[in-house]
Every structure is written in C-alpha cells, then in structure tokens.
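Peer 1: Can you look at this prediction? I've put the sequence above it.
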Amino acid sequence: MKKLELNELKEGMILGAPIVDAEGIVELLSAGTVLTSRHIDLIGGMGITEVYIKESEKPVPAVSLDVHAIKEEADKNGKTFDLDSLINNLQEIEEQIYEPAPRSIVNRNMEVNILTGEGNIPIDVKHEETLEDVKAIYDSIRKEGVLDLNQIKEDVEKLLPDMVRNNDVLMRLNQLQKTDDYTFEHSLRVSIMASMIGKWLGYSQEEILELGEAGLLFDIGKLSLPEYLLNKEVGVTPEEYELVKKHAQFGYSILLKTKGVSPNIKYAALHHHERMDGSGYPLRLREGQIHDFAKIIMVCDVFDALITERPYKKAISPLMAADYLSWSSGKLFDAEVCFVFIKKISEYCIGKTVKLNDGNTGKIVFVDENFPTRPIVQVGDKFLNLVKDRSLEVEKLY
C-alpha cells in the first residue's frame, strides 16, 4: 500500500485501508473500494487529506488483533487501561454463539397515535435532561455492569412525540443543543432519526418505541473499549481498528445479559455495522441476514457521522450525505430505508437557504423526485439546476 494525498487520487484506484469517521468507529468506505469521482468528492468534503491505496492486485495482508501490542502503544503515549478486563471481554464474545436474527415483524401502515406531542415544545427543552440520563446509565454500566432499561424506556417515551410530530428531520436535529458529549449526543440523534424512519415506513407505535430505544443503545459496546481509543486526537492504528470493530459484539453481550431487552434491540446493536453486500463487520452478514432495525440504525449512524463537525473531521452538508446514501443504496444500505429517508429530507429542503461550493448563497426552490439530492437553487435572478451542472454541490444548508 502507499499513502496518497487527495489531489493525487484518481478514478479506478483501489482503497487499501478503510476510511472511517473521526472516532474511528463508522466505516464510510471499505478497503477494496474502487474509487469514483463521487468517492473522491466525499473524501475531500470530509477534510481527509491522505488515504491508503493498493499498489497491486495482491490482497492486503489481514491485520491481527494483538491486545498486548495495543497496550504497549497506549503505555508509550501515557495512556492506561485495564488489560485483564479487556481480555476477559474479548474471551466472552469469542465464546458467544450468534444465532440468526429473528425477522422483525412490521405491521405496515398501522395508524400511529403518539404524534400529538405536548403543544409545540421544542425538543431541546428535554434534550439536556435525556443526555444526562443516558450518561448516567452508561456510567453505571461502565462501573457496575448494570443497565437501567426502565430509564431508557421512560426517556424514549418522553421524547418520542417531539421526535416524530414534525417530519422535518433536519430542523429537529438543528434544534438540539450542541455539547461536547459526542457519544451520547450521537446516540440521541440516531434515536430521533430512526424513530422518524420507522414512522415513515409504517411501523407500529410499539416498534417505533423500540427503534428509539435501539438508537440510544446501539453503540453501548463502546463502553468495553479502552477509553483512550474514543478520545484519540488522531486516527486509530490498523491494530486498534481491529479492536474497535469488536464494539458491536461487546454491545450485544451487554444487552444479552440485561433483563427485558428485546431481540430487536440486541440485533440492532450487533448488526449496525453490517452492510448489504457483506462488506461490513463483525460477522460479514448480507442483506437477508441483517435485522430490519439494524438496516435503519446503520443509515442514521452514517448520515449523522457525515453531517456532524468534529475536531478532526469536517462536516458535509445533509444533501451531500444523502447523495452518498443514494449511490450506496442497495449495495451498502437497504434501498427502501434510503429511499424513504432521502425523499423526506429532500421534501423539507425546499425553501431552505444553502451555500454552494462555488461560494454563492441561494435558496432551494425545486426538488425533482427523480434526483432528490440535486435541487434547483435560486441565486439572485438565476436558477441553477444541480442535475445539469454536476460541478455544483450544496456545501452548507441553513
């Protein structure tokens, strides 16, 4: 493999190492991906300046998980963690037998009776309290190994009317207060988006509630990783990434031992990094083997990772992120989930102010349902059709 800068990338090159989000958790492009112009635009949009490229058709040697090497690297950088506890957790998931996931039985088109909410109270009124609850619950798991599922249920039931009352998901996300607690805020944002997708897909009230709970708990396996890995100021090493990829199994193990957690929530945690074509992890499952809840969670997880600014990763616009979902639909992500999510996002973009990558600011005036991520933007007295002019991108959406 060789490391190339962004301006050296060309269509047809093959990624030698995966491209992940700023936390080193969400795999955005897998090793072996043949780069297209869209891939290169996505990489540049996220502020990534260097990537690894395969130099030949020879397979890249697999990286093995060596916890002792990771421990040595951590010690070298003044970081410590409980090696014995990590080894015990790894042993536990190694011995775990993963049965095929039960298919979630979705009663489509059932009337949902929870959408009235409490007047027009903004979601951020309850946001801070819920974040504190989730942090307390995660802290309890880390210290005592106890998950307070009842509190999670209460929080979701409290937030759900606000989550799904208004279809403008981008407005809902923008209403959330920005905090430094990315892990918890990310889970809440995924919970909101997953609940709304469940509504759009015709899920029942009970299933939407479960989706909301799954959104708060899907990344719970991060608690079994050394804390320094989640706070690294630079990207994780290949060896560390092999450990990070175990977090889905760690999460499943925690939920498996928690009384009252439904199979839907357990498999949402276990499968949320799988991909339709079998390129995901940890079990390399394919479309028919992946639980329906996980198919929703994975789309929300990736979308939020793309649109959220982090210290070492630029955010891309919701329409650019939706475009990525669109051309990955059917291959990496479930086509139906992507279709309904992108359709609803684009519908509520009409009238919003945007900044284009050429520096101009304008307003979205029309969205073609056949090209929902390529709107017509009015800039002054000009109308720019992004379907026809592929050099233009919505860089920011206000």
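Peer 2: Received it, and whenever you're ready, just let me know what you need.

Peer 1: Let's verify the closest residue to residue 263 other than its chain neighbours: helix, strand, or coil?
Peer 2: In space, and not counting its chain neighbours, residue 263 is closest to residue 102: 5.3 Å by CB to CB, 6 or more residues apart in numbering. For every residue, glycine as well, the C-beta is placed using N, CA and C. Recorded secondary structure, residue 102: coil (DSSP: H, G, I helix; E, B strand; the rest coil).

Peer 1: Just the pLDDT for residue 102.
Peer 2: Here, the pLDDT recorded for residue 102 equals 70.

Peer 1: my read: it touches residue 266, true?
Peer 2: No. Assessed by CB atoms under 8 Å, residue 102 is found out of contact with residue 266, at 9.9 Å.

Peer 1: count of neighbours near the residue nearest to residue 263?
Peer 2: 13 (other CB atoms under 10 Å).

Peer 1: From residue 132, how far out is it?
Peer 2: 33 Å (CB to CB, to the nearest Å).

Peer 1: Also residue 334?
Peer 2: From residue 334 over to residue 132 the distance is 33 Å, taken as CB to CB.

Peer 1: got it, and residue 338?
Peer 2: 33 Å.

Peer 1: Neighbour count for those two, which is higher?
Peer 2: residue 338 (23 against 12).

Peer 1: Could you pull up the residues touching the residue nearest to residue 280 when sequence neighbours are not counted?
Peer 2: Distance criterion CB to CB, 6+ apart; nearest residue to residue 280, sequence neighbours excluded, is residue 274 at 3.9 Å. Contact partners of residue 274, counting by CB atoms under 8 Å, 6 or more residues apart in numbering, are 280, 281, 283, 284, 285, 289, 290, 294, 298.

Peer 1: and which of those residues is nearest to residue 171?
Peer 2: Using CB to CB, residue 298 comes nearest to residue 171 of the contacts of residue 274, at 23.2 Å.

Peer 1: Residue 273 is in contact with that closest one, correct?
Peer 2: Yes. Contact status for residue 298 versus residue 273: in contact at 6.9 Å, counting by CB under 8 Å.

Peer 1: residues contacting residue 48?
Peer 2: 6, 19, 313.

Peer 1: Let me have those in CSV, adding distance to residue 62 as columns.
Peer 2: CSV is the format used below for the contacts of residue 48 (distance: CB to CB, whole Å):
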residue, distance to residue 62
6, 27
19, 18
313, 26
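
Peer 1: Pull out the buried members of these.
Peer 2: Buried by 16 or more other CB atoms under 10 Å: 19, 313, out of the contacts of residue 48.

Peer 1: Dump the contacts of residue 48 into a markdown table; add pLDDT and distance to residue 93 as well.
Peer 2: Below are those laid out as a markdown table (pLDDT from 0 to 100; distance: CB to CB, whole Å):
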| residue | pLDDT | distance to residue 93 |
| --- | --- | --- |
| 6 | 90 | 37 |
| 19 | 86 | 25 |
| 313 | 76 | 28 |
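
Peer 1: show me what contacts residue 238?
Peer 2: Contacts of residue 238 (CB under 8 Å, 6+ apart): 17, 63.
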